[in-house]
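Asker: sequence and computational prediction follow.
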Amino acid sequence: MTVRVVLERGPKGKRSVAFAVDWPGWSRGAKTPELALDVLESYRPRYRPVAERAGLAGELDDTGPLEVVEDRIGNSSTDFWGISFTPSGLETEPMDDAELERKITLVRACWAYFDDVAARVSPEMRRGPRGGGRDRDQIIGHTIRAESQDMAKKVGVGVPDERALTPEGLREHRERYVAAMRAYHAGEVKRMRSWNLPFLLRHTGYHVMDHAWEMEDKDLTPGTG
């Protein structure tokens with residue numbers, strides 16, 4: 001069994017991104033399509049703890065090589081950020097019920113991984129080109145705000161900005177977000193225009209893991225460099 005991968009190229013050829021369509025959060029961008037695939041493969045062991053938290057480590061371990069099942073042109077976000085910002089041709093609605101629950105489980109695992117990283121890395125982060133030199137709390141705040149204020153509103157929910165940054169408020173946001181995605185799947189929520197539910201799940205997982213890995217890479221805790 002191979003890992004189904006979508007390869008997305010920027011319209012101007014500046015950057016590309018490769019993502020595992022069945023594994024939310026496993027997505028990497030680079031300057032060329034070939035490098036994006038190489039980087040994605042190199043992150044397989046870094047993604048495994050997410051699969052383990054979701055109870056899917058055995059399934060991931062049984063997968064074979066990456067297989068590009070769609071090669072597409074993205075939009076300006078692909079060129080500028082090296083991210084995918086539109087649904088692929090494989091992400092269609094309605095989703096199968098089992099697929100929905102599997103991906104929700106993986107997104108929850110991404111959240112758990114992010115929380116664990118946030119709790120153990122240094123408050124000050126190693127300086128570098130990403131994020132303009134943000135420290136840990138700024139990265140955490142950005143990640144949570146983008147999800148609670150932008151992504152969750154795609155399915156009609158949101159938690160007040162500062163409340164989502166409290167432990168109780170974050171739990172509330174995540175539970176409401178999952179409930180709203182299930183309601184959307186059931187046809188109880190207004191349809192999204194340019195996004196859809198498979199993409200929302202994938203983008204949520206991607207954003208959480210991208211910043212979890214950013215914090216790990218910039219951690220100044222002794223012995224981590």
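Answerer: Looks like it arrived, so ask away.
Asker: tell me the helix or strand right after the helix or strand hosting Glu99.
Answerer: When elements are assigned from DSSP states H and E, Glu99 belongs to helix 97-120. Once the chain leaves helix 97-120, the next helix or strand it forms, by DSSP H and E, is helix 136-145.
Asker: average pLDDT across that following helix?
Answerer: On average, the pLDDT along helix 136-145 is 96.
Asker: kindly calculate the angle that that helix makes with helix 97-120.
Answerer: Interaxial angle of helix 136-145 relative to helix 97-120 (axes from the mean of the first three to the mean of the last three CA atoms, to 10 degrees): 160 degrees.
Asker: what's stretch 154-171 in contact with?
Answerer: 140-141, 144-145, 148-149, 152, 172-173, 176-177, 179-181, 183-184, 189-190, 192, 195, 197, 200 (CB atoms under 8 Å, 6 or more residues apart in numbering). From N, CA and C alone the C-beta is placed, and that goes for glycine too.
Asker: buried subset of those residues as a ChimeraX selection?
Answerer: To isolate the buried members of the contacts of stretch 154-171 in ChimeraX, using 16 or more other CB atoms under 10 Å:
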select :140,141,144,148,152,173,176,177,180,181,184,189,192,195,197,200
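Asker: in helices, which of the contacts of stretch 154-171 appear?
Answerer: Among the contacts of stretch 154-171, the members falling in helices are 140-141, 144-145, 172-173, 176-177, 179-181, 183-184, 197, 200 (criterion: DSSP state H).
Asker: can I assume Ser76 is in contact with Pro11?
Answerer: Yes - the criterion here is CB atoms under 8 Å, and Ser76 meets it with Pro11 at 7.0 Å.
Asker: shouldn't Leu220 be in contact with Arg127?
Answerer: No - here Leu220 lies out of contact with Arg127, judged by CB under 8 Å, at a distance of 9.8 Å.
Asker: what's the neighbour count on Tyr47?
Answerer: By other CB atoms under 10 Å, 24 other residues sit near Tyr47.
Asker: skip the chain neighbours and tell me the closest residue to it.
Answerer: Excluding the flanking residues, the one nearest Tyr47 by CB to CB, 6 or more residues apart in numbering is Trp26, at 4.5 Å.
Asker: which non-adjacent residue is nearest Thr105?
Answerer: In space, and not counting its chain neighbours, Thr105 is closest to Ala54: 4.7 Å by CB to CB, 6+ apart.
Asker: how near is the one you found to Ala20?
Answerer: Distance from Ala54 to Ala20, counting by CB to CB, to the nearest Å: 13 Å.
Asker: residues contacting Glu99?
Answerer: If you count contacts by CB under 8 Å, 6+ apart, then Glu99 has Pro198 around it.
Asker: could you say which helix or strand holds Glu34?
Answerer: Using DSSP H and E, Glu34 sits in helix 33-42.
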